[in-house]
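# everything below, folded, please.
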Amino acid sequence: MRRSLPISVLILAALLIGPPGPLAAQDEDGNPYEEETTGKAAAEAQEDEDVYRTVVKDKKEEEFEEVPTQTLTKDEVLKIPGTGGDLLKSVQNLPGTARAPAGSGLLVVRGSAPGDTLITLEGHPIPLVFHFGALTSVINTELIDEIEFVPGNFPVRYGRATGGLINVATKLDIPEKWTGAIDVDFVDAGLFFKGKLTKKAMIAGSFRRSYIDAFLEHVIPKDMGVGVTAAPVYYDYQLMSLVKPTDRDELKFIVAGDDDRLRLLFEAASEGDPGFVGSFGAHLGFHVFQAHWKHVFKKGIAYHASVQTGYEGLGGDIGPSVSFEFNNFILSHFQTLSFPLSDAIEIKVGADIAARWFTAKAFAPAMGTSMETFAGADLAEIDLQKWVHGEALFLETKLSPQDNVSIIGGLRMDYFSLMGDVELHPRLAARFDVDAKTALTAAVGMYTKEPSFPQIIGDWGNPALKAEKAVHYGVGIERKFPAAWLDTSLEFFWKRYDHLVIPSDVFVLDDEGQWVPERYSNGGEGRSYGMELMVKIDPGHRIKGWLAYTLSKSERWEKGRAPYPFDFDQPHVLTLVFQAELGKGWELGLRYRVASGNPSYKIVDAIYYADYDVYIGLEESRPSRRLPAFHQLDVRLDKKFTFKHWWMAFYIDIWNVYYAKNAEGISYNYDYTRKGYVYGLPILPTIGLQGGF
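Numbering: from 1, shown residues only. Now for the predicted structure:
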């Protein structure tokens, strides 16, 4: 099975990960400063607490959840070095996640592919999490109440994913007064506000824009032959409102959007690819509107209905010939109704609907082609429109035969219109509290994900593809030690993948009896397994921190062939975080990371194409080596000044303090006779200034 990526896949990956150029350009970010607050009590009922998740919220919960839960306070997260105070980026410091290569925003959870993890805003899918891969997240941290991170075995309320789950929740409250903040750093500037409209209504909003375009063209060396004609530029906005007309009703409205744009001009053809000339342009973004209604009936019955509508877009052009434009006009809706039958039995039922009007216009290399340069690539034209929808019904039952035992069983039924498939997903989770300090957990469940549009449409993909499948297993233990300042959790997991979509070089008969390239098939299989350890310390004396360690192995193979390491397999990932209050408004944070290098493919030969005067490297079919191990120390120093009616703060965040040279890839010369490592960012300081009232 050929593992080299077709060029059209690389085009899409480049747009999602970031612009071409130095890998280091994706690692600088910053977000607004968060004032210390005790927040709301976390006793408010959560819809999906019956799952394994990590929660980033404003108040640590002291009670055990039904399954293992790791809790990080906002104050801890906002001061983590190397994240710029970004809550979403903090997820990459938790057990179960691999280190994102080259500082990108790729989320590799428990050995799953980056696109296999479901990302939602208040329960609705969103297509983009980070600007240009990982500069900063598209949702302002000030508006985030909690982040639910579920590395595996998430509940039946969620589907259409085989990896993990990240749900961004915005539980707004009605403040007593108006507050606001401004944040400025080297990359972008933003503002935030929140205030009370009436005794039963509030509003909050945020806007942020980058200004990288103002200086980027002046820092790119002229001898590189690259000119900046328009961008990179991004902006995002959110406007949220909460209304509580009665004590039993809650209405929430959210408007959110993002826009990322880039255009580079290459004055000369690439040495290794004379077909890559002219300009490179990319734009992606989304604009959505959400409405939520929650009502609590008598006798503990709770109802939640929500709808989201909006637009998602991705497009760009490369050189004079290649162009593509994908647009989705989206509609999603879910309803849940939970009610207790007795003190020992609780039922939850619901529906989950996702629909899209999908349009695609492209003139680009065909998916699955082995040609990896623009020179001589076989171009395919796509122009289609399609209505795609999926409906799901789910049922979940929670049994509590004893005070220290919880068993949660669920069944989800999904229909995929794109493939005409109906899939059943049974899931089961159990928890046993041995005593007030120790708990044991276990879970198993089935999950399904439909192929991506480029893999299944037109001359790019294979319309006969079926859904990818995965089975999740997990057992764990939680322990709160008597010292009260040490919390630990240990989780063992195993996942099995089937019907994975892989490139195919074979030809098949179509409906008209003609031989056509298959391009993709469901002939891939895989597995990932390992353990996750989280140790949190908070002994007081103004210091705290945690250790997160993941030991895992992720493999893939074609049916009938031997397994090989998955492209993002990292057997060891260790993260140490330490934070200390130094007094008089000063705070110090340290983060140290060690991770195994990703698998790497050797170039076994090179072919010379005389018509285009270019060499094409031929990769081995499976990786036989790894990049060197990654290690890095980041340091952050904060200082806050508090005045009578306002506050001001600044921070300096130094990335890669001791200038570690971490290899992020391998680069070859024009004829593949010489090679060298491509290194990530050197030492990089970031300075930010915030102020608010």
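
# from here on, just use CA atoms for contacts and neighbour counts.
OK.

# so residue 594 is in contact with residue 571, correct?
No. Counting by CA atoms under 8 Å, residue 571 is not a contact partner of residue 594; they are 11.0 Å apart.

# what residue is smack in the middle of the protein?
By CA atoms, centre = their mean, the mean C-alpha position of the chain lies nearest to residue 107, the distance being 4.5 Å.

# got a pLDDT number for that one?
We have a pLDDT of 87 for residue 107.

# could you pull up phi and psi at it?
Taking degrees, to the nearest 10, you get phi -110, psi 100 for the backbone angles of residue 107.

# that one and residue 119 touch, don't they?
No. Using CA under 8 Å, residue 107 is not in contact with residue 119; the gap is 9.9 Å.

# mind pulling up the pLDDT for the residue nearest to the residue nearest to the centre of the chain when sequence neighbours are not counted?
Leaving aside its chain neighbours, residue 107 sits nearest to residue 114 (5.1 Å; criterion: CA to CA, 6 or more residues apart in numbering). pLDDT, residue 114: 88.

# thought residue 284 was touching residue 311?
No. Residue 284 is beyond contact range of residue 311, at 10.8 Å (criterion: CA under 8 Å).

# tell me which of the two has more neighbours.
residue 284 (24 against 17; other CA atoms under 10 Å).

# could I get the average pLDDT for the helix or strand encompassing residue 283?
Assigned by DSSP states H and E, residue 283 belongs to strand 278-296. Averaged over strand 278-296, pLDDT sits at 89.

# for residue 418, what are its contacts?
Counting by CA atoms under 8 Å, 6 or more residues apart in numbering, residue 418 touches 388-389.

# err, residue 665, not the other one
Here residue 665 is in contact with 627, 677-679 (CA under 8 Å, 6+ apart).

# mind checking which of the residues you listed land in strands?
Secondary structure from DSSP state E places 677-679 of these in strands.

# now those as a markdown table including distance to residue 241?
Formatted as a markdown table, those follow (distance: CA to CA, whole Å):
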| residue | distance to residue 241 |
| --- | --- |
| 677 | 50 |
| 678 | 46 |
| 679 | 45 |
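
# nearest residue to residue 431 other than its sequence neighbours?
Residue 431 sits nearest to residue 441 (CA to CA, 6+ apart), 4.5 Å away.

# distance-wise, check the closest residue in space to residue 212 that isn't next to it in sequence relative to residue 475.
Spatial nearest neighbour of residue 212, chain neighbours left out: residue 187 (5.9 Å); criterion: CA to CA, 6+ apart. As judged by CA to CA, to the nearest Å, residue 187 and residue 475 stand 43 Å apart.

# also residue 124?
Distance from residue 124 to residue 475, by CA to CA: 28 Å.

# what of residue 97?
Taken as CA to CA, the span from residue 97 to residue 475 is 18 Å.

# more crowded one of these two?
Neighbour count, other CA under 10 Å: between residue 97 and residue 475, residue 97 has more, with 24 against 20.

# check contacts around the closest residue to the more buried one other than its chain neighbours.
Nearest non-adjacent residue to residue 97, counting by CA to CA, 6+ apart: residue 109, 4.6 Å away. By CA under 8 Å, 6+ apart, residue 109 lies in contact with 96-98, 117, 151, 163-164.

# next one: residue 477
68, 438-441, 489-491.

# tell me where the stretch 551-693 of the chain has strands.
Taking DSSP state E, counting those that start in this stretch, the strands of the stretch 551-693 of the chain run over residues 564-565, 572-583, 586-595, 599-600, 603-609, 614-619, 625-626, 630-642, 647-655, 663-668, 675-679, 684-692.

# please look at residue 530 and residue 495 and confirm they touch.
No. Residue 530 is beyond contact range of residue 495, at 9.4 Å (criterion: CA under 8 Å).

# higher neighbour count, those two?
residue 495 (25 against 20).

# quick one: stretch 118-131 to chain centroid distance?
Centre-to-centre, stretch 118-131 and its host chain are 8 Å apart (CA atoms, centre = their mean, to the nearest Å).

# averaged pLDDT, it. What do you get?
87.

# ok, now stretch 138-146?
On average, stretch 138-146 scores 83.

# could you do stretch 581-599 as well?
On average, stretch 581-599 scores 94.

# distance between the ends of that stretch?
40 Å.
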